[in-house]
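Undergrad: Everything below, folded, please.
(one chain, ligands or ions: 1)
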Amino acid sequence: MKTAYNFNAGPCVLPKEAVESTINAIRDFDNTGIGLMEISHRTPGWERTMEETRQLWRDLLNIPAEYEILFLGGGASTQFMTVPANLLNKKAAYLQTGVWAKKAAKEAKNFGETVIVASSEDKTYSYIPKNFIEKVPADADYFHITTNNTIYGTEIKYDIENCPTMLVADMSSDIMSRPVDVTKYGLIYGGAQKNVGPAGVTFVIVRKDILGKITDRTYMNPLPTMVDYRTHAAEEAKNISMFNTPPVLPIFVMHETLKWVKDTIGGVAEMNKLNLKKSALLYEEIDRNTMFRGTVECKEDRSIMNHCWVMAEGRENLQDAFMAFAKERGMVGIKGHRSVGGFRASLYNACTYEAVEALVQCMQDFEKANK
Ligand SMILES: Cc1ncc(COP(=O)(O)O)c(C=O)c1O
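TA: Numbering: from 1, shown residues only. Below you'll find the predicted structure:
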């Protein structure tokens, strides 16, 4: 097979062990003689896989029993609506650090007053606004953040302290990349297709006691069955996340991916060490190389997952040449999002240190060739 270093922003590289075991399961799931895509989701082997997947989440992120872990369809974009549907009584607060955050806030407006606490739209979301927590209204039902801004390469890499209201986070593109104190959040959600699996399944980690509290609102109240998180958390019915047919294939890949994080990497803290090492290697090169410059204003806001850079001043005419040069060396998915331009390399969990070394070497070779 052709060597390709996959730096796509999502869907993206998966652990090869997870891909291999999924191929086997597609042929024969759990020694049943039936393939994964053909089994009933009510077979004991599948129910066990669901339970194990939930347990892997609990173990890896230390998720306490008062939180439910749901696997749903519709992508993170559907959660932009489902979160306010379940949690917004009167007012919600949002931090606008990118287009995904903006889209989330837009959906909330249908359910009640939506306050944009701070925004970095003025500079193409190239920074995380400072001191935003002081501006969060205490009477908001929740405060929504996007921890990692996939398109712009900025990240809130810590758990926010002293939030005056319940914290809700879209962690689509940095979940499982570092330890998270789940107890600081009422709800965490994201699409799986970066660090925890392929597209087709969405994770929601939600504290059970915050659900079923919509009293003041008339819009979408009562909640449609599929929109109400409690439908999917119906533990007593033993159908957790199986109210309707679950996407078994993406959930299986998630199971294998999480097993890899736990058993091969050694957990999320170890994963974080490796991610920091990969990220430092690339940022050092972006900062050193005379051909390039990073796009994020402040180094402390730089994402560990998505690394964005453009050609240095006076070198802009070499952009296409570098893209062709990198392509020739097997670099895939390094074109920056059209709103930022230049280049973006996503170093998600399954991206290897060797892949980053190859990219850095490619950047150095390009500099030498064009000096
Ligand atoms: C931070 C963030 N939120 C939300 C989304 C949308 O996810 P989905 O395509 O699963 O709806 C993305 C997609 O890249 C993302 O990066």
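
Undergrad: Got the domain ranges for this protein?
TA: 16-264, 267-370 (automatic domain parsing).

Undergrad: wait, which of those is closest to Asn8?
TA: domain 267-370 (3.3 Å; Cβ to Cβ). From N, CA and C alone the C-beta is placed, and that goes for glycine too.

Undergrad: re earlier: with mean neighbour count as extra columns, can I get the domains of the chain in JSON lines?
TA: Listed next are the domains of the chain as JSON lines, based on neighbours: other Cβ atoms under 10 Å:
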{"stretch": "domain 16-264", "mean neighbour count": "19"}
{"stretch": "domain 267-370", "mean neighbour count": "18"}
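
Undergrad: Would you mind giving those domains as a markdown table with distance to the ligand and mean pLDDT added?
TA: Output for the domains of the chain, formatted as a markdown table (distance: least, Cβ to the nearest ligand atom, whole Å; pLDDT from 0 to 100):
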| stretch | distance to the ligand | mean pLDDT |
| --- | --- | --- |
| domain 16-264 | 3 | 96 |
| domain 267-370 | 9 | 97 |
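
Undergrad: so which of those comes closest to Lys2?
TA: Short answer: domain 267-370, nearest of the domains of the chain by Cβ to Cβ, at 7.5 Å.

Undergrad: Quick one: end-to-end distance for that closest one.
TA: 42 Å (Cα to Cα, to the nearest Å).

Undergrad: before we move on, what about stretch 193-202?
TA: 9 Å.

Undergrad: so how far is that stretch off the chain centroid?
TA: 8 Å (Cα atoms, centre = their mean, to the nearest Å).

Undergrad: now stretch 34-50
TA: Per Cα atoms, centre = their mean, the displacement of stretch 34-50 from the mean C-alpha position of its chain is 26 Å.

Undergrad: mind checking how far the spatially closest residue to Cys298 that is not a sequence neighbour is from Gly294?
TA: Excluding the flanking residues, the one nearest Cys298 by Cβ to Cβ, 6 or more residues apart in numbering is Tyr127, at 5.5 Å. According to Cβ to Cβ, to the nearest Å, Tyr127 and Gly294 sit 12 Å apart.

Undergrad: any chance of the domains of the chain in a markdown table, with distance to Phe7 too?
TA: Below are these laid out as a markdown table (distance: least, Cβ to Cβ, whole Å):
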| stretch | distance to Phe7 |
| --- | --- |
| domain 16-264 | 12 |
| domain 267-370 | 4 |
